[in-house]
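Participant: What follows is a protein structure lacking sequence information:
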């Protein structure tokens, strides 16, 4: 660590400056897949945040015990255990969410954000800093997915917070089932394609363009895939210095 | 046989892993820039998907389910896949160097590819919901998913080579235009909806 950062800085960098989705381009699959409705986005965001917080804490605690040669499998086992716990909790208490997220709930295991943060941060830093980092990154992920889901649900289904009773049911509130916006305006139909797969790619592309524009104004580089220091597999990757890095360099030069 | 053909075509066209299910987006965006890397990566994915299904399906059926351990699926499967990828890499390096040259560099990247764990989990889910969805159906589904991945990668690498030569507005350059292009490719796959049902009834 070149300089000591305060816990506040470790927490807040994940929100905007190093937002995992829009700046580091990690976890694209769940971002695209779970942003079909705002409730799904919040559910997925909370699950990822909890797993990230717990796994960062445990990995940081064990950072001196785990031999560096087997650290990746060890991280995967730790992450998979927490994912299983979250999965069982959601199945028991919010079955509707389990159905909506489907296979993407267990797939948190292979979400690059988790392994990426374990490798880039938790394996090298103290427990409190790692917890702050995990919480910040998790909330940053949630915010980005929520932002996308708001756009997609509003245009695609014409509603806001549809199906909110499944989450709010946990707190005993079942009367609020979302706001139906478009049905109050006669003659306007929602644009179905926004909740389908193409709309996901499209919305993500536009959000990424906005994020790049803001970053450019502040003199920061554009977000791009394949920047090897963020890739969790960088250590094991034989493409390093090969195809993957030259692609990244070409993108920088272009 | 008709059933298996339907499963295969559904996995390739209507339920395309990348363009309809959002699995394996990282390699789809990352390694699709050149045709040869796109083909190499997808060949490795097909290979690992088939191997992973061939190993995890019996583990699930004869080890996890009889002992009420279904909740361990996620942990067991990811470990099996990680070990399998390592093993495949070692075996290929030792015995089939030519194939290792072609696929080897992509193998470590595949361990954490959500498409592989995804196909394994989806197979188990389908088998649990429908008893007629057995080992053979799972294998066809996996190979179909891999072929669908390859189709998407190859098509997209063609689209990207055109983008390279286009004059793109500055704010859309790089990742944003790639995602918008992916969106258009994905629209074309929406057209396959219903085709399989009409052919096979």
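Facilitator: Thanks, I have the structure now. Note that the coordinates shown come from a computational prediction; the quantities given were computed from them, not determined experimentally.
Participant: contacts and neighbour counts: CA atoms only from here.
Facilitator: OK.
Participant: How about stretch B:35-55, which residues are buried there?
Facilitator: Buried positions in stretch B:35-55, judged by neighbour count with 16 or more other CA atoms under 10 Å in any protein chain shown: B:35, B:37-54.
Participant: again, but for stretch B:76-94
Facilitator: By neighbour count, and taking 16+ other CA under 10 Å as the criterion, the buried residues in stretch B:76-94 are B:76, B:77, B:78, B:79, B:80, B:81, B:82, B:84, B:85, B:88, B:89, B:92.
Participant: Any stretches of chain B with poor pLDDT?
Facilitator: Scanning chain B with the threshold set as pLDDT under 70 gives B:201.
Participant: can you point me to the longest helix in it?
Facilitator: For chain B, the helix reaching the highest residue count under DSSP state H is reported as helix B:135-165.
Participant: name the helices or strands packed onto it?
Facilitator: helix B:2-9, helix B:35-58, helix B:114-129, helix B:175-190 (3 or more CA pairs under 8 Å, 6 or more residues apart in numbering or on different chains; DSSP states H and E).
Participant: Among these, which comes closest to residue A:118?
Facilitator: With CA to CA, the closest approach to residue A:118 among those belongs to helix B:114-129: 17.5 Å.
Participant: That closest one versus helix B:135-165: what angle between them?
Facilitator: Helix B:114-129 and helix B:135-165 meet at an angle of 150 degrees, taking axes from the mean of the first three to the mean of the last three CA atoms, to 10 degrees as the criterion.
Participant: Just list what helix B:114-129 packs against, helices and strands only.
Facilitator: Right, helix B:114-129 is packed against helix B:35-58, helix B:73-95, helix B:135-165 by 3+ CA pairs under 8 Å, 6+ apart.
Participant: returning to that earlier point: mind putting the helices and strands packed on helix B:135-165 into TSV with distance to residue A:153?
Facilitator: TSV is the format used below for those (distance: least, CA to CA, whole Å):
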stretch	distance to residue A:153
helix B:2-9	30
helix B:35-58	33
helix B:114-129	25
helix B:175-190	17
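Participant: returning to that earlier point: contacting chain A as well, which ones from the buried residues of stretch B:76-94?
Facilitator: Near chain A, taking CA under 8 Å from any CA of the partner chain as the test, the members of those found are B:78, B:79, B:82.
Participant: so the first one sits right up against residue B:117, yeah?
Facilitator: It stands for residue B:78. Yes - in this structure residue B:78 lies within contact range of residue B:117 using CA atoms under 8 Å: 6.6 Å.
Participant: gap between whichever residue of the stretch 51-200 of chain A sits closest to chain B and residue A:204?
Facilitator: For the stretch 51-200 of chain A and chain B, the shortest gap (CA to the nearest CA) falls at residue A:198, measuring 4.2 Å. Taken as CA to CA, to the nearest Å, the spacing of residue A:198 relative to residue A:204 amounts to 10 Å.
Participant: Could you do residue B:190 as well?
Facilitator: Looking at residue B:190 against residue A:204, where the rule is CA to CA, the gap reads 18 Å.
Participant: Next up, the contacts around residue 182.
Facilitator: Let's take chain A. Under the criterion of CA atoms under 8 Å, 6 or more residues apart in numbering or on different chains, the contact list for residue A:182 reads A:158, A:159, A:188, A:189, A:190.
Participant: if you could check chain B rather than the one you did, that'd help
Facilitator: Taking CA under 8 Å, 6+ apart, we find residue B:182 in contact with A:198, A:201, A:202, B:19, B:156.
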